[in-house]
Each structure stands twice: as C-alpha cells, then as structure tokens.
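*Asks:* prediction below, plus the sequence it came from.
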Amino acid sequence: MTNTMVTLLGIPFDANSSFLKGPVLAPSRIRLQEAIGAVNTTSETGIAVVKDLDYRDAGDISFTGTVPEAAYLAIRQRVAHELQQPGKLICLGGDRSISFPVIEAHAEKYPTMHVLHIDAHPDLYHNFDDNPFSHASPFARVMERGLVQSLTQVGIRTMNAHQREQARRFNVRVVEMKDFDHSVISELQGPLYISVDLDALDPAFAPGVSHHEPGGFSTRDVIRMIQSIPVEVVGADIVEYNPVRDQHDQTAMVAYKLFKELAVRLMP
C-alpha cells in the first residue's frame, strides 16, 4: 500500500431526493461487484485498481439522521479530513446533493479548481421543493459561493427557463446533449474535478437511476471523456445510482467501471 494511493469514500445519503429513494444503497452495491469477483479490476489503461493495493477504502460516512443541513456539514467535514491525507479522493453517492459539500471541501484544497459536470440535469435550481440542499440544487450552491473557477455541464437535456436563467447568472457553460461535441473536453481547464451523475447515460446503459431521461450518453462516451481529459484531475464523485431500479447489477457494473477509469486519472 502506497502513501499516495487513491481513496474511496462512500456517502450513503438520499434524503434530499425529490422522487425516489434508493441511492442510499449505492456505495455498498458498487463495492460488492469487486468483492464477489464479478469485475475485472484492471482499467483500460492496463493499470490495476485493486482494493488495498491500488486504492484505499475509507468506508462510508455514518449519518445520525436526515436533516439536510446536518448531513451537509457531516459530509463537508469528513471529506475535508480525507483530503488532509496523501492522495486524491473519489466519492460514491448517494444522491446528487452530496456533490455540494464534496466540491466545497475540494475547493478549499484546490482554490483554482474547475468542474466538469456530466448529467442529464443541470441541478441549478435556486431552492427546489423549499430545500436549498435538494439534489436539484447543488450547483446553484457551488456557484453562488464562488467555489470554482468554471463549471462545464455536458449531457444536459432537461433545461427549463429557470435553470437557463441560473446558467446565465453564474456563467455556466452548458453543452446540451443535442449539441454535444467531444471537442469540448479538450477545452477544459485544470485542476479539474469530475462529477458524474449516472442518469447522464441513456437508460439503456444505466437503468438503475431514479430519473430516467432518454437520449443520453453511452457508457463508451463517458469513458472516452474521462480518458481524454487533457488536464490534472484532482477529485471525482459518482452519484444517483439507485439499486432499487437496477437490472442484474447492470448499472452497478457501469459505476464500478467508471470508478476504475477515474481512479487511474487520480493516481500519481
């Protein structure tokens, strides 16, 4: 075990979900794929990603309740603690709301950080369902606090008038799915944080999500993005996997595959 290996942290929290619960079960289900030997642990680069050899599993954050602000504080504090250790961090949600405190903690360590947000939804609502910590609002919180230098969103196919206005307000670069061109990846700046919502993928590739939004990326599309990013990647999260809606662990396998490819990008 090296001192600078990648760390994996589970954040099993879905109380800020607006539709279906289930992402609370995600971290353990994704880990299970490796534990039962269902996966090949070598990335497409040829580099292995094996627990205790190539990455450290820091376990899950424990939550004592479902109060949104308390959960936000608990996540931010634990992630900040993990970021004091050597190496970089990948977080497994949980619903999308976990990305706000995770990105906030990363921004404290990397004050010139940029974000690539891969998602079907822009998640820029000012105050969705009267919950500022909603899973539909994390990037409004990130941007209104000026935590990052830029936010690039790709795969978006649910923009409404309010979120378009929010994107203009915060100068977010939104590349809607209908307009996506892979060349946008070559224009990203670093240091870069990558946030992956699994509903960015078409439901044919990732059925185990709460919000099915047809017309999305293939698994290969997202892998290609990760592999071709031209700048340093300093952290990542994978969110919104819902095992309750999955079929034969198909989406768990997608999440694990993306974890491997992200882990390689975070390795020294």
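*Replies:* Perfect, thanks for sending it.

*Asks:* do a quick rundown of the helices in the stretch 51-200 of the chain.
*Replies:* 68-83, 99-109, 138-144, 161-170, 183-186 (DSSP state H, counting those that start in this stretch).

*Asks:* how far away from the center of its chain is the third one?
*Replies:* If you compare the mean C-alpha spot of helix 138-144 with that of the full chain, they lie 15 Å apart, counting by C-alpha atoms, centre = their mean, to the nearest Å.

*Asks:* so what does that helix touch, helix or strand wise?
*Replies:* helix 99-109, strand 150-156, helix 161-170 (3 or more C-beta pairs under 8 Å, 6 or more residues apart in numbering; DSSP states H and E). No exception for glycine: its C-beta is placed from N, CA and C like everyone else's.

*Asks:* go with 6 Å
*Replies:* Judged by 3 or more C-beta pairs under 6 Å, 6 or more residues apart in numbering; DSSP states H and E, the packing partners of helix 138-144 are helix 99-109.

*Asks:* same check, this time on the last one
*Replies:* Packing contacts for helix 183-186, counted by 3+ C-beta pairs under 6 Å, 6+ apart, involve no helix or strand.

*Asks:* possible to save the helices of the stretch 51-200 of the chain as TSV with mean pLDDT?
*Replies:* Formatted as TSV, the helices of the stretch 51-200 of the chain follow (pLDDT from 0 to 100):
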stretch	mean pLDDT
helix 68-83	97
helix 99-109	98
helix 138-144	98
helix 161-170	98
helix 183-186	97
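
*Asks:* closest one to residue 235 among those helices?
*Replies:* Among the helices of the stretch 51-200 of the chain, the nearest to residue 235 by C-beta to C-beta is helix 99-109 (4.8 Å).

*Asks:* now do that closest one against strand 150-156, angle only.
*Replies:* On the basis of axes from the mean of the first three to the mean of the last three C-alpha atoms, to 10 degrees, helix 99-109 is oriented at 150 degrees to strand 150-156.

*Asks:* residues in contact with stretch 62-75?
*Replies:* Residues from elsewhere that reach stretch 62-75, judged by C-beta atoms under 6 Å, 6 or more residues apart in numbering: 11, 13, 15, 16, 98, 101, 133.

*Asks:* what about those, which one has the most neighbours?
*Replies:* When neighbours are taken as other C-beta atoms under 10 Å, the top entry among these is residue 98 (31 neighbours).
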